[in-house]
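> Build the 3D model from these lines:
(chains A, B and C)
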Amino acid sequence: MTGKSQALPAYDPKPKTGGAADFFVTRLEAMVSWGRKNSLWPFPFATACCGIEFMSVAAPHYDIARFGSEVMRFSPRQADLLIVAGTVTDKMAPVLRKIYDQMPEPKWVISMGVCASSGGFYRAYHVSQGIDEIIPVDVYVPGCPPTPEELIYAIMQLQEKIASGEKSRDSRSAKLAAERVS
Amino acid sequence: MSGVIDVSKGAPERLTFLQRLYLPEIFRGMAVTLRHLVRNLTNYKGMPTIQYPEQKRNYSGRFRGKHILKTREDGTLKCVACYMCQQACPAECITIVAGEHPKIAFEKYPVVFDIDMLRCVFCGFCIDACPKDAIWMTRNYELAFFNRQDAIFGINKLVERPGEQVKDGYGYRPYYPGDGTVPPTDATVAPVVPGDGERAKLRETGLLPTYRPSGPRVGSGR
Amino acid sequence: MTVAAEPTLSPASERLRGRLATSALSGRFEVVDRDLPTIEVGPEAWPALARFLRDDPECRFDLFLDLCGVDNLRRRSQKSRFEAVVHLHSLPRNEHVRVRVLLPDEKKPALPSVTDVYPAANWFEREAFDLYGFDFPGHPNLHRILCHDAFVGHALRKDYAPGQRWFFAEEDMRMPQWAREEVEADHFETQTISIGPSHPATHGIIHLVARLDGEKIIRAETMIGYLHRCFEKMSETHYWNQIIPYTDRLNYVSSMINGVGYVRTAEKMLGVEIPDRGQLVRTILSEFTRIMDHCVCIGANLVDIGALTNFTYLYQNRENIYDLLEACCGARLTVSYVRVGGLAIDVPDDFAPRCRSLLESIPPFLRDVEKLVNNNRIVRNRLQGTGIVTREQAIGWGMTGPMLRASGVAYDVRRSRPYDFYDRFDWDIPISNDGDNLARYLVRMEEMRQSLKIIRQALDMLPAKGPVNSDDWRVVLPPKDAVYHDMESLIYHFKLIMEGIRVPAGERYEWIEGANGELGFYAVSDGRGGPYRLKVRPPCFPNLAAFEQIVVGGTVSDAVATLGTLNVIAGELDR
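Numbers count the residues shown, from 1 in each chain, chains lettered A, B, ... in the order given. Got it, this is the predicted structure:
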C-alpha cells in the first residue's frame, strides 16, 4: 500500500491463499469497507436443513435485516454474499461454481454448517467434502445446523474481516482443479 | 367419535361480491398487519426480535454447544481414553491417542483429544457414551473459523481449567443437578497393588491388566 | 401353477394364498409370513401378479408404496443375491402386502417394469436401476435419478465402497432428449427452460426442465438427486442408534417424526415396548413437529405467490416450538431426541405447562393467516383450480398425506393403523374433494388445528412422572448412576456403545404418518449392531414424480404454486 488516495481500491479477482494481508487501510478504503460490510446482500444458496435455519435468521425473531441484509437476492448478479447453507453434493457442485462465477466482485462466501464446510457426517459417495473443493471460502460456521446467533456471529466476523481489508481466502479448489487436469 | 371433516366447506367456491371487489379485503388484511405493527411499536420490550449480539437467547441447560473436557481436582483430565466417544460419534470427528498413565488406577490418559468442529454434528452422543463423566457440552455456540485447520480443537481449547468460568454456562450433560446421580469417584486404589511405582514390578510378573478395545475404528487414528 | 405349502399362516396370508391358488396366474408363488404377508415370486411372473393384486376384487392393492432393491451378498442363506422388494397397500381393505421378486441372474439382474400397472413405480424403478443396476425392460425413461450422470457403478451394492466419489462437470449433465429438440407449437417457437436447481421457488433443490409455449408449459420433466446424501449407505456403515441423527436430516422441517418412525422399526424388530409416558411424549412432540412442517409449507407457498407477511407469522410459531424442543433435548431443528427403546433423556419438569402455553400461542397466528389469505381474491385466483389432481390420479401415482386427502381419500396412517395412542384420541381427518392447491392449503390448516386437539388430549393423559425408556438394558443405555458405580451396567453400556444393539436377523416394514404422508422404513437386519439394509419410503417421492404431469397445460406461475403445495423436502426426496 502506497498511502496515496485512489479512486476505488482495485480488488484482486484471483483469491490469495495465505500471504501477507493488507492491514494499512486509507480513510477512503475504510469508508468503502464500512459501507460494504453494513450492506451485505446475501444470496441464500440453501440446499438443506441449514437453509431452514437461514430462514429463521431472516424471520422476525433474529432479523438479519438489522445488519443491512434487508433483501435476499436470488440472482447472483445482484448479491455480494454467498451463503452456502446445506450439503453440496457432487451433482450440485457445478451449479455452485456457476453461481459463484456469476457473482460480481467484491464477493464473500460463508460456508454455513458442517455439511458445507467439510461434508459433515456424510462421508459418502455423492457428497462434496467441503465447498472449498469448489469455491474459495471466507468464513466457516460450524453447527448442524448452526443456531441463528451463530450465523449472525459469523457474519459479524466477516464484517470485521471486510473492515480490516483482509482478502485471503481458504480454498482447495485451485489445487484440486490442477490435479484433475494433470 | 372420530370422523372426517370436509374442509372445502370452510372456503366457499365463489367469493361474495364484496370479497371480489377486493378493496374491503385489503382493509381487513391491513387491520391485521397494522395491529401487529402498533403492538410492536407500543410494546418495544415485547417484540419477538432478539437484538443479538446485545441480547442473547436464553437457551436451556440442555443446549448442545461446544464441548468441554472435565478435570479432576488436581487439574488432570478425567478422560481415560477409553475410545467410547470416538466409537459412538456418527461423524467420526473425535480423534484420541492414548498414553499410559503413571498411576495404575487410571491406566490411560489422552495424549491427543481432537474434535473437528467442522465435522461435529452436535448430537451429544459422546456425552451419552462417556462412562467417566469426562466430557460435557456448554451453551457456547460462538464459533466461526477463517480456515479449516483452526477448527480442529485440541485439549487446550476443550479443557475446562479448574477455577475458570465456563463461557455461557453448562449445557447438555450426562446428569443434571437434582436427579440423584452421584458422579464417579476417581479410583485411587489399584486393583492388584495399591500406590504408584508398581507398574514395572507388575510387568515382570505378567499380571498387568491389559485392555484391548474391539472394533476396527477404535485406535486406528484418522 | 404351484403354490408351496406352508404349515400355518396368519389369516391374511392364508386368504392371499387361497386367492392366488384359485387365480388363473401361471408361475410359482410362495406366500410366507413375516411381519407382513409376503409373496415371493420370480421376475417373469411379477407383472401378471402386480396386475392381479391391483384388480382382483378380493385383493385390491391399489396404492403402490415402495420398490427397493436388496443385495444379499453379505447375508447368509438367501435365495438369490439380488431381490426387489415391493410394498403395496389396499385402501378399501386397509392391508399392506410385500412382494419379494427374487432375481436369479447375478450379472444382469432384471425384472419387467410395472409402470403400466402402477404409474407410481416409475421413479422407484429408476432408483433401483441407479443404486443397484437392475434393468427394467419396458420402462419409459430408465436413467439415473439420484446419483449424477457421470457416476460409475451402482452405489448401494455391497461391493461398492461407501466413500468412492466421481467427478461431475457441467457438460456431463444429461438433459432429456425431448428438451434438445426444436419444436414448434402452432407456428410459434417454443422455449425450453430450466426452473432450478437454484431457484427461490423450488423449496429444496429440484430441477424442472419445461418446454414453454409462451407462458404455458407443454412438456416437463423433473430431475432430482441434487441432495442425494447417501442416507441408505450411511445407515449400512453405522450402528442403529447412530443413524438417528441421519434420520433427523431426512425431512428436516419435521425431524422428530422421522426419528420416531425409524426407532419404531427397530423396536418392533427387537420386540421392545416403551412405557406409556414415552409414547405420549413422542406423540406430543410429533404433533408439534407436524405443525412446524405445515407452517413452513404454507408460509413458503404463500411467499412464492407474493404474500410475504404470512411467512413471518407462521415462522413465529416455529420459533415458539423451537423453545420447547430446545428445552427438552438441546437442539432446535435436528433434535436427535429419540433412541431405540425410548428417548435420550426425560422431558423437563415444566414440559406440560410449556406445551399448554404453546397451545394458547399458536392459534392466534393461524387465525391471522386465515384472515389475510382465505378470502383474498388474488390468492384464490392463484390457488383455486390450479394443480388439480383427481382421486384416481392420486391413487395411481402413489400419493399419500395431504395430497391424497385433498383429492378426497381419507387415508391417514394414524387412523388406519394407530400407533402411540392415536386410537384413543378424538380427532378428525380433514379431506377435500377439489384436489386443487387451495384444497391442500385448507387441508393443512385444518390438520394443524387437529394436531392441537390431539396434543391437548395427550397432555391430559400424560402421567406426571414415570420412565420414558424401556428398562431392557440390551437395548437402552443404563442410567448414568448405574454406569458410574455398577460393573454390570458398565458392561451393558460398553457393549451397546462399542458393538451396537443386536437386533435379531429379519426384516420389517414400519410406517407412520409423516407430515407429507406415509413415511415408511424397511429395515433388514442380519444380527449385527447396525442394519444390513435400511430403505426409507419417502412420502414426497411419488408426490413429486407426478408433478411433471400435473403442471402440463398450466402456466409457469401455476407450476410454482403447485410445487409449493406439494411440500417437497429434498432431504427426504433424495435421501
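> hey, let's count contacts and neighbours off CA atoms from now on
Will do.
> Spatially, and excluding backbone neighbours, which residue is closest to C:Phe188.
C:Asp213 (7.6 Å; Cα to Cα, 6 or more residues apart in numbering or on different chains).
> who's in contact with C:Tyr522?
Going by Cα atoms under 8 Å, 6 or more residues apart in numbering or on different chains, C:Tyr522 touches C:265, C:507-510, C:533-537.
> quick one: the residue nearest to C:Phe188 and C:His187 touch, right?
No: the pair C:Asp213 and C:His187 fails to qualify as a contact (Cα atoms under 8 Å) at a distance of 10.4 Å.
> ok now do C:Lys480, which residues does it touch?
Counting by Cα under 8 Å, 6+ apart, C:Lys480 makes contact with B:131, B:174-175, B:181.
> on that earlier part again, quick one: which two of the contacts of C:Tyr522 are the most distant?
C:Glu507 and C:Arg537 (14.7 Å; Cα to Cα).
> And the helices in the stretch 251-400 of chain C?
C:255-270, C:276-305, C:309-329, C:351-373, C:377-383, C:391-396 (DSSP state H, counting those that start in this stretch).
> circling back: chain B: which of the contacts of C:Tyr522 is nearest?
Nearest to chain B out of the contacts of C:Tyr522 is C:Leu534 (Cα to the nearest Cα; 16.3 Å).
> and C:Pro119, how many neighbours does it have?
C:Pro119 has 18 neighbours, counted by other Cα atoms under 10 Å in any protein chain shown.
> Contact partners for C:Thr38?
By Cα under 8 Å, 6+ apart, the residues touching C:Thr38 are C:13, C:31-32, C:97-100.
> Can you get me the start-to-end distance on stretch C:85-100?
Using Cα to Cα, to the nearest Å, the end-to-end distance of stretch C:85-100 comes out at 5 Å.
> Take the contacts of C:Thr38 and write them to TSV, including pLDDT and secondary structure.
Compiled in TSV, the contacts of C:Thr38 are given as follows (pLDDT from 0 to 100; DSSP: H, G, I helix; E, B strand; the rest coil):
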residue	pLDDT	secondary structure
C:Ser13	84	helix
C:Val31	85	strand
C:Val32	84	strand
C:Val97	92	strand
C:Arg98	94	strand
C:Val99	94	strand
C:Arg100	93	strand
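> Report the buried members of the residues you listed.
Burial by neighbour count, judged by 16 or more other Cα atoms under 10 Å in any protein chain shown, picks out C:13, C:31-32, C:97-100 from the contacts of C:Thr38.
> For chain B, what lies in contact range of chain A?
By Cα under 8 Å from any Cα of the partner chain, the residues of chain B that approach chain A are B:48-53, B:90-92, B:117-122, B:141-148.
> do that again at 6 Å, thanks
Contact residues, chain B versus chain A (Cα under 6 Å from any Cα of the partner chain): B:48-50, B:91, B:118-119, B:121, B:142, B:144-147.
> If any of those are buried, put those into a PyMOL selection.
Buried members of the residues of chain B next to chain A, identified by 16+ other Cα under 10 Å, are gathered into one PyMOL selection as follows:
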select buried, chain B and resi 50+91+118+119+121+142+144+145+146+147
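> by contact count, what packs against whichever strand or helix holds B:Met137?
Assessed by DSSP states H and E, B:Met137 sits inside strand B:135-137. Contact here means 3 or more Cα pairs under 6 Å, 6 or more residues apart in numbering or on different chains; DSSP states H and E; on that basis strand B:135-137 packs against strand B:67-69.
> CA atoms of stretch C:322-333 as CSV?
This file holds the C-alpha atoms of stretch C:322-333, laid out as CSV (Å, rounded to 0.1, in the frame of the first residue of the first chain):
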residue,chain,number,x,y,z
TYR,C,322,-38.2,-24.5,19.0
ASP,C,323,-38.2,-23.2,22.5
LEU,C,324,-40.0,-26.3,23.7
LEU,C,325,-37.8,-28.7,21.7
GLU,C,326,-34.6,-27.0,22.8
ALA,C,327,-35.7,-27.3,26.4
CYS,C,328,-36.3,-31.0,26.0
CYS,C,329,-33.2,-32.1,24.1
GLY,C,330,-30.8,-29.2,23.5
ALA,C,331,-31.2,-28.6,19.8
ARG,C,332,-33.8,-26.6,17.8
LEU,C,333,-34.0,-28.2,14.5
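> Can you give me the pLDDT of A:Leu8?
A:Leu8 is assigned 40 on the pLDDT scale.
> Against chain A, how distant is the nearest residue to C:Arg17 once chain neighbours are set aside?
Leaving aside its sequence neighbours, C:Arg17 sits nearest to C:Val31 (Cα to Cα, 6+ apart; 6.1 Å). Distance of C:Val31 to chain A, given as Cα to the nearest Cα, to the nearest Å: 37 Å.
> what bridges to C:Val31?
C:Ile39 (DSSP bridges).
> That one contacts C:Ala21, doesn't it?
No: contact criterion Cα atoms under 6 Å: C:Val31 and C:Ala21 do not qualify, at 10.5 Å.
> Tell me who's in contact with A:Asn38.
A:Gly68 (Cα atoms under 6 Å, 6 or more residues apart in numbering or on different chains).
> Please report the distance of it from C:Tyr422.
In terms of Cα to Cα, A:Asn38 sits 51 Å off from C:Tyr422.
> Surely C:Lys535 is in a strand?
Yes: looking at C:Lys535 with DSSP: H, G, I helix; E, B strand; the rest coil, it is inside a strand.
> Helix, strand or coil: sort out the closest residue to it other than its chain neighbours for me.
Distances taken as Cα to Cα, 6+ apart place C:Tyr522 nearest to C:Lys535, at 5.0 Å, with adjacent residues excluded. Classification of C:Tyr522 using three-state DSSP returns strand.
> is C:Tyr522 in a bridge, and if so with what?
Each beta-bridge partner of C:Tyr522 is listed here, defined by DSSP bridges: C:Tyr509, C:Lys535.
> low pLDDT regions in chain A?
Within chain A, the ranges that satisfy pLDDT under 70 run A:1-25, A:181-182.
> residue closest to the middle of it?
Most central in chain A under Cα atoms, centre = their mean is A:Val109, positioned 0.9 Å from the mean C-alpha point.
> does it really touch A:Pro136, like I thought?
No: using Cα under 6 Å as the test, A:Val109 is too far from A:Pro136 to be in contact (7.3 Å).
> wait, what's in contact with the closest residue to chain B within chain C?
Closest residue of chain C to chain B, Cα to the nearest Cα: C:Gly330 (3.8 Å). For C:Gly330, the contact set (Cα under 6 Å, 6+ apart) comprises B:62-64.
> From these, pick the one nearest chain A.
B:Arg64 (9.7 Å).
> quick one: that closest one from C:Asp368, how far?
Counting by Cα to Cα, the gap from B:Arg64 to C:Asp368 is 34 Å.
> wait, doesn't A:Tyr62 sit right on B:Thr49?
Yes: the pair formed by A:Tyr62 and B:Thr49 meets the contact definition of Cα under 6 Å, at 5.5 Å.
> Where does the prediction get shaky in chain B?
B:1-2, B:10-11, B:187-222.
> Take the contacts of C:Tyr522 and lay them out in JSON lines including distance to B:Gly29.
As requested, these are arranged in JSON lines below (distance: Cα to Cα, whole Å):
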{"residue": "C:Thr265", "distance to B:Gly29": "46"}
{"residue": "C:Glu507", "distance to B:Gly29": "54"}
{"residue": "C:Arg508", "distance to B:Gly29": "51"}
{"residue": "C:Tyr509", "distance to B:Gly29": "47"}
{"residue": "C:Glu510", "distance to B:Gly29": "45"}
{"residue": "C:Arg533", "distance to B:Gly29": "52"}
{"residue": "C:Leu534", "distance to B:Gly29": "48"}
{"residue": "C:Lys535", "distance to B:Gly29": "46"}
{"residue": "C:Val536", "distance to B:Gly29": "42"}
{"residue": "C:Arg537", "distance to B:Gly29": "41"}
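> I am finished for the moment; much appreciated.
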